[in-house]
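Trainee: everything below, folded, please.
(one chain, ligands or ions: 1)
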Amino acid sequence: MTTTEQVRDTGWNQRYGEEGEEPTAASDVVRLQLAHRSVRRFLPDEVSEPELRALVAAAQSAPTSSNLQPWSVVAVRDPERRRRLSTLAARQSFVAEAPLLLVWVADLGRARRLAESRGSSVDAADYLETALIGFIDVALAAQNAVVAAESLGLGSCYVGAIRNNPEEVAAELGLPPHAVAAFGLAVGRPDPSEHAGVKPRLPQQAVLHHEQYDAARADAHLAAYDERLADYNERYGLGGAWTDRVLARLAGPQSMAGRHRLREALEGLGLPVR
Ligand SMILES: Cc1cc2nc3c(=O)[nH]c(=O)nc-3n(C[C@H](O)[C@H](O)[C@H](O)COP(=O)(O)O)c2cc1C
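Mentor: Numbers count the residues shown, from 1 in each chain. The predicted structure is shown next:
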C-alpha cells in the first residue's frame, strides 16, 4: 500500500479535510476509529444479548486505575424507563428511541461495601482524586464499548445530559449509595436515513504539541477549522461557528443545563470531592 492510498483509506480526509494529506499509519482499528460518527437515529432492531455481552467485555478490557474497576453499567431496554430517562436527559428523543440505553456509572459503592464488610476504612474515597478515578475509568471503558459497537455494525451516541438530574436518574436506576451516573450511551443499528457524516475535528496542529506546549502556534489553526466546520454544518443543516459554540457552551452556569450544581449532587449521592 502506498502512502497516499494509506491516507485515503484511513478516512483521514473526511476527518481533517483535503489539505490535511499527511502520511499516517493504517490498521482496521484506526480506519474504524476515523470513521466514527455519533448515531441518533436507529432502526427498531434489538441489540442482542451476545452483542451486549461483547460491548461489556470490550469495556471491561479497558485499562483501569490500580485495577480498581470502579464502575458499573446499567442496560436499559424497557421503553417506559428509557422514556423517563430521556425526559430527565433534556428530553432528547433519541434516548427514548434507541433500543438500548447503557448508563455508565462511576461506582465507589463496591469498594465502600467491601470496606464495611471488613470493618476497614476507605477515607481516600472521599477525595476528588478518587471520584476522578471513577469518572476517568468509566469513560475509558465506555469508549471501548463504542469502538466495539461500531465494529459490530452498531451505532451509538453518548448522553452527557444524564447528569442534568443526577438524583432522579439514580432513583430511576435504583443506584446504591456512592454510585453516580456519569453519562448514557444510546445504542442500536444505525438508520441509514439519518443525515449525518463524519464530523471534522480540529487540525492536529491545534492539539498536538512536540516536547512543549505552544499555545500561539496551536491557536493559529482555529480560524481555518471554523470555516471547515461551518461548511460541514451547512451541508447537514446545522448552524454556528465552532468558536461561537464553544463560547456559548461555556458562557456560565446558565449554559450548564443544571449541571452547575454537580458538586452538591455528588456529595448527596455519596461521592464527596474533598
Ligand atoms: C461525554 C459525552 C456526552 C455527550 N452528550 C451528548 C448529548 O447529551 N446529546 C447529544 O446529542 N450528543 C452528545 N454527545 C455527542 C457529541 O455531541 C459528539 O460526540 C460531538 O458532537 C462530535 O460528533 P461525532 O461523535 O459525530 O464525531 C456527547 C459526547 C460525549 C463524549
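Trainee: host element of W104?
Mentor: Per DSSP states H and E, W104 falls inside strand 100-107.
Trainee: check which helices and strands that strand is in contact with.
Mentor: strand 71-76, helix 79-88, helix 128-151, helix 166-173, strand 179-188 (3 or more C-beta pairs under 8 Å, 6 or more residues apart in numbering; DSSP states H and E). Where you see a C-beta, it was placed from the backbone N, CA and C, and this is true even at glycine.
Trainee: isn't D107 up against P177?
Mentor: No: D107 is beyond contact range of P177, at 10.4 Å (criterion: C-beta atoms under 8 Å).
Trainee: which residue of those two possesses the greater neighbour count?
Mentor: Relative neighbour count places D107 above the other of D107 and P177, with 25 against 13, counting by other C-beta atoms under 10 Å.
Trainee: return the residues in contact with the more buried one.
Mentor: D107 makes contacts with P70, W71, S72, G134, V138, H178, A179, as judged by C-beta atoms under 8 Å, 6 or more residues apart in numbering.
Trainee: one step back: looking at the helices and strands packed on strand 100-107, which is nearest to the ligand?
Mentor: Each of these was scored for nearness to the ligand using C-beta to the nearest ligand atom, and the closest is strand 179-188 (4.7 Å).
Trainee: now the helix or strand following that closest one - C-alpha only, PDB.
Mentor: Scanning forward in sequence from strand 179-188, with DSSP H and E defining helices and strands, the next element found is helix 204-207. Presented in PDB, the C-alpha positions along helix 204-207 are these (Å, rounded to 0.1, in the frame of the first residue of the first chain):
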ATOM      1  CA  GLN A 204      -3.700  18.000  14.500                       C
ATOM      2  CA  GLN A 205      -1.500  21.200  14.700                       C
ATOM      3  CA  ALA A 206      -4.100  22.600  17.100                       C
ATOM      4  CA  VAL A 207      -3.900  19.800  19.500                       C
END
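Trainee: what are the buried residues along helix 204-207?
Mentor: Going by neighbour count (16 or more other C-beta atoms under 10 Å), the buried part of helix 204-207 is A206.
Trainee: quick check: nearest residue in space to the residue in the stretch 1-150 of the chain that the ligand sits nearest to, chain neighbours excluded?
Mentor: Closest approach between the stretch 1-150 of the chain and the ligand, counting by C-beta to the nearest ligand atom: S38, at 3.6 Å. Closest residue to S38 in three dimensions, ignoring its sequence neighbours and counting by C-beta to C-beta, 6 or more residues apart in numbering: C157, at 4.2 Å.
Trainee: enumerate the residues of this structure near the ligand.
Mentor: Listed as neighbours of the ligand in the chain under the rule C-beta under 6 Å from any ligand atom: H36, R37, S38, R40, Q92, C157, Y158, V159, G160, A161, F183, K199.
Trainee: and those residues, which are buried?
Mentor: With neighbours counted using 16+ other C-beta under 10 Å, those contain these buried positions: H36, R37, R40, Q92, C157, Y158, V159, A161, F183.
Trainee: which ones are touching L154?
Mentor: The contact partners of L154, taken as C-beta under 8 Å, 6+ apart, are V47, E51, V187, G188, R189, P190.
Trainee: tell me the two of these that are most distant?
Mentor: Using C-beta to C-beta, the two most remote members of the contacts of L154 are E51 and P190, lying 13.8 Å apart.
Trainee: in the protein, what spans have low per-residue confidence?
Mentor: For the chain, the stretches flagged by pLDDT under 70 are 1-9, 18-22.
Trainee: perfect, I'm done here.
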